[in-house]
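> quick one, fold the following:
(chains A and B)
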Amino acid sequence: MATRAPYQKNGGARGGAAFSLFPPLPWHPPLIDWQDEGIVLSVRPLGERDAVLSLLTFAHGRHAGLVRGGVGKRQGALLQPGNRLQLSWQARLEQHLGAFTVEPLRLHAARIMGDSLALLGLGSAVGLVESGAGEREPHGLLYAALLKLVEELGPGRAWLETYVRFELVLLSELGFALDLETCAVTGVTEGLVYVSPRTGRAVSRDAAGDLAPRLLPLPGFLTGRGEADDQAIAQGLRLAGHFLTRHILDPMDKAMPAARERLLARVASDSDSEDD
Amino acid sequence: MAAADIERLIRLLGRLPGLGPRSARKAGLAMLKRPEAILRPLVEAMQLCAERVTACGICGNLDTTDPCSVCRDASRDDRVICVVQEVEDLWAMERLVGFKGRYHVLGGTLSAIEGRGPETIRIGALLARIEAASVEEVVLALGATVDGQTTAHYIHERLRSAGCVVTRLGHGLPVGGELNYLDEGTLEAAMRARQKVA
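You can find the predicted model right below:
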């Protein structure tokens, strides 16, 4: 038997006999709604005026929803990848797409747009989260890592270290954390300079021996030694990229985002010119 | 109840941008009520467009001739190419009487999420065009969106060795805009692009 809504006292016949000729009002489940904050991943137009917005939220994971008038001039500036928004989501049922109403918290996209390298970083990060993070699975740490990254993105190269760390958090949050603390062979915590491409565990220089050419270089800044120069960043991107491809993208038959490929190419070419 | 042919007309009109089922019915009825004044001229115009309109092989504009009237105009400056996303952007730029250079329509933007790479839009044709002609300036008139600016930066990178100046449209305060109504992103862009008062 359907539960009565609060306004359906006496079976819908409000006010006694005078209204008894009317049939009871149909029962509708109450709206589900929540408030949260999120970072815009992508926007797809739906029809002429509306848009389907996909965000990484703090408490509700990667979540999509309809934004009415999302293609219009008023909301166009808000619905750009990288922007941090305050959200209110409403739907009849949990499994529905639902609708978002959004308010700006911090519009990072406009600040990033002028810098080509930062734009590649943003495109790469949102592309990887959109491809890898499960829908509606909360990942608070991943949200914090993405938020830190978009806040740092901008002119200069200081954010590149944060970017590499963001990819390692993405791997960790999706269940494929790398163990960069101790050597997989000897258990030592010093002299870690390689990572096994199979297990994702660190290997020390002494333990690597003849296998060294088959291992992935571990950049020093990830173990608290050395600087995050372009060469180290390129090593970090190759390291994370190997495991992202192997554990996340390949099983889902997805390609590495083009922005990620271009980011690595830019950093690698800059590090080559540094060497020259 | 309208006849099947009229229903079909209304259904087809309803597919046009800006027309829902109700407005399509209204538009269809207006045509049917004034066949000589609206319907027949419209049919003729649509027939002509269907037969003659084609994308320009040089710039990508839509016109009844190939090359289009803009590309054939000898008075235009060959040394400046304005790159736009879509044909409607070219038409918007043409309303700007001050610009007398050439155009190039990309037909979209790069997008990491949608999987649109450089091969899906007309970037190759632009590079070939710049290589073949003596272009001195490329104006990137692309949207102030993440995808639009990613495309602009990509084209800029590809043109580094071409030896031409690459410029882009300014971002910031719209004419008639009041500061307290602007979003912080636009305001920030306007602040960065501030100019010395002449």
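> okay, now residue B:37: neighbour count?
11 (other C-beta atoms under 10 Å in any protein chain shown). C-beta coordinates here come from the backbone N, C-alpha and C atoms, glycine included.
> swap in the one 5 residues further on?
Using other C-beta under 10 Å, the number of residues around residue B:42 comes to 12.
> in space, what's closest to it - neighbours in sequence excluded?
Residue nearest to residue B:42 in three dimensions, not counting chain neighbours: residue B:31, with 6.6 Å by C-beta to C-beta, 6 or more residues apart in numbering or on different chains.
> low-confidence ranges, the chain, go.
Going with chain A. Counting by pLDDT under 70, chain A shows low-confidence ranges at A:1-22, A:273-276.
> my question was about chain B
B:1-2.
> C-terminal to the longest strand anywhere in chain B, what's the next element?
Across chain B, the strand with the greatest residue count (assigned by DSSP state E) is strand B:77-84. Counting by DSSP states H and E, the element after strand B:77-84 in chain order, helix or strand, is helix B:87-94.
> mind listing what's buried in that next one?
Buried residues in helix B:87-94, defined by neighbour count with 16 or more other C-beta atoms under 10 Å in any protein chain shown: B:87, B:89, B:90, B:93.
> is chain A contacted by it?
No: judged by C-beta under 8 Å from any C-beta of the partner chain, helix B:87-94 stays clear of chain A, getting no closer than 13.6 Å.
> got the contact list for that helix?
Residues outside helix B:87-94 that contact it (C-beta atoms under 8 Å, 6 or more residues apart in numbering or on different chains) are B:59, B:60, B:61, B:62, B:70, B:82, B:84, B:99, B:103, B:105, B:141.
> what lines up beside the longest strand of chain B in the sheet?
strand B:101-105 (parallel), strand B:137-141 (parallel) (DSSP bridges).
> ok, and what's touching that strand?
By C-beta under 8 Å, 6+ apart, the list of residues contacting strand B:77-84 from outside reads B:90, B:93, B:99-106, B:126, B:129-130, B:133-142, B:155.
> now it: buried residues?
So, applying 16+ other C-beta under 10 Å, buried residues of strand B:77-84: B:80, B:81, B:82, B:83, B:84.
> same question for stretch B:26-41.
B:27, B:28, B:31, B:39.
> end to end, how far does that stretch reach?
Start-to-end span of stretch B:26-41 (C-alpha to C-alpha, to the nearest Å) is 18 Å.
> what residues are up against residue 171?
By default, I'm working from chain A. Contacts of residue A:171 by C-beta under 8 Å, 6+ apart are A:177, A:178, A:240, A:243, A:244, A:247, A:248.
> ah, no, chain B please
Residue B:171 touches A:110, A:113, B:144, B:186, B:189, B:190, B:193, counting by C-beta under 8 Å, 6+ apart.
> before we move on, which element is it in?
Using DSSP H and E, residue B:171 sits within no helix or strand.
> cool, and residue B:148?
helix B:146-158.
> that helix relative to strand B:137-141, how many degrees between them?
170 degrees (axes from the mean of the first three to the mean of the last three C-alpha atoms, to 10 degrees).
> ok, and what's touching helix B:146-158?
With C-beta under 8 Å, 6+ apart, helix B:146-158 has contacts from A:80-82, A:109, A:112-114, A:116, A:119-120, A:122-123, A:259, A:262, B:83, B:85, B:106, B:109-112, B:118, B:121, B:123, B:126-127, B:138, B:140, B:142-143, B:166, B:168.
> residue B:7 in helix, strand or coil?
When classified by DSSP: H, G, I helix; E, B strand; the rest coil, residue B:7 comes out as helix.
> pretty sure residue A:123 sits against residue B:112.
Yes: assessed by C-beta atoms under 8 Å, residue A:123 is found in contact with residue B:112 at 4.2 Å.
> before we move on, the earlier item: could you check the helix holding residue B:148 and say which residues are buried?
Buried-residue list, helix B:146-158, by 16+ other C-beta under 10 Å: B:146, B:147, B:148, B:149, B:150, B:151, B:152, B:153, B:154, B:155, B:158.
> kindly report the residues of chain B close to chain A.
So chain B meets chain A at B:17-18, B:110, B:112-115, B:117, B:144-146, B:149-150, B:153-154, B:156-157, B:171, B:183-186, B:188-189, B:192 (C-beta under 8 Å from any C-beta).
> now do residue B:103 against residue B:86, distance only.
11 Å (C-beta to C-beta, to the nearest Å).
> do residue A:61 as well
Where residue B:86 is concerned, residue A:61 sits at a distance of 35 Å (C-beta to C-beta).
> the two: which is more packed in?
residue A:61 (21 against 15).
> for residue B:197, which three-state class applies?
Classified using three-state DSSP, residue B:197 is coil.
> pop the domain breakdown of chain A in here.
A:32-109, A:140-180+A:218-275 (automatic domain parsing).
> and for chain B?
Split by automatic domain parsing, chain B gives B:4-52, B:62-168.
> first to last residue in the first one, what's the distance?
One end of domain B:4-52 to the other measures 29 Å (C-alpha to C-alpha).
> now do the shared contacts for residue A:123 and residue B:112.
A:257, A:258, A:259, A:260, B:150.
> any idea which of the buried residues of strand B:77-84 is closest to chain A?
Nearest to chain A among the buried residues of strand B:77-84, counting by C-beta to the nearest C-beta, is residue B:83 at 15.9 Å.
> sorry, back to before: now the helix holding residue B:148, how far from the centre of its chain.
Centroid separation for helix B:146-158 versus its chain: 17 Å, with C-alpha atoms, centre = their mean, to the nearest Å.
> pull the CA atoms of that helix into PDB?
Only the C-alpha atoms of helix B:146-158 are listed here, as PDB (Å, rounded to 0.1, in the frame of the first residue of the first chain):
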ATOM      1  CA  VAL B 146      38.800  25.800 -21.800                       C
ATOM      2  CA  ASP B 147      38.300  23.900 -25.100                       C
ATOM      3  CA  GLY B 148      38.500  27.100 -27.200                       C
ATOM      4  CA  GLN B 149      41.700  28.200 -25.500                       C
ATOM      5  CA  THR B 150      43.300  24.700 -25.500                       C
ATOM      6  CA  THR B 151      42.800  24.800 -29.300                       C
ATOM      7  CA  ALA B 152      44.200  28.300 -29.600                       C
ATOM      8  CA  HIS B 153      47.400  27.300 -27.600                       C
ATOM      9  CA  TYR B 154      47.700  24.100 -29.800                       C
ATOM     10  CA  ILE B 155      47.600  26.200 -33.000                       C
ATOM     11  CA  HIS B 156      50.000  28.700 -31.600                       C
ATOM     12  CA  GLU B 157      52.500  25.900 -30.800                       C
ATOM     13  CA  ARG B 158      52.100  24.400 -34.300                       C
END
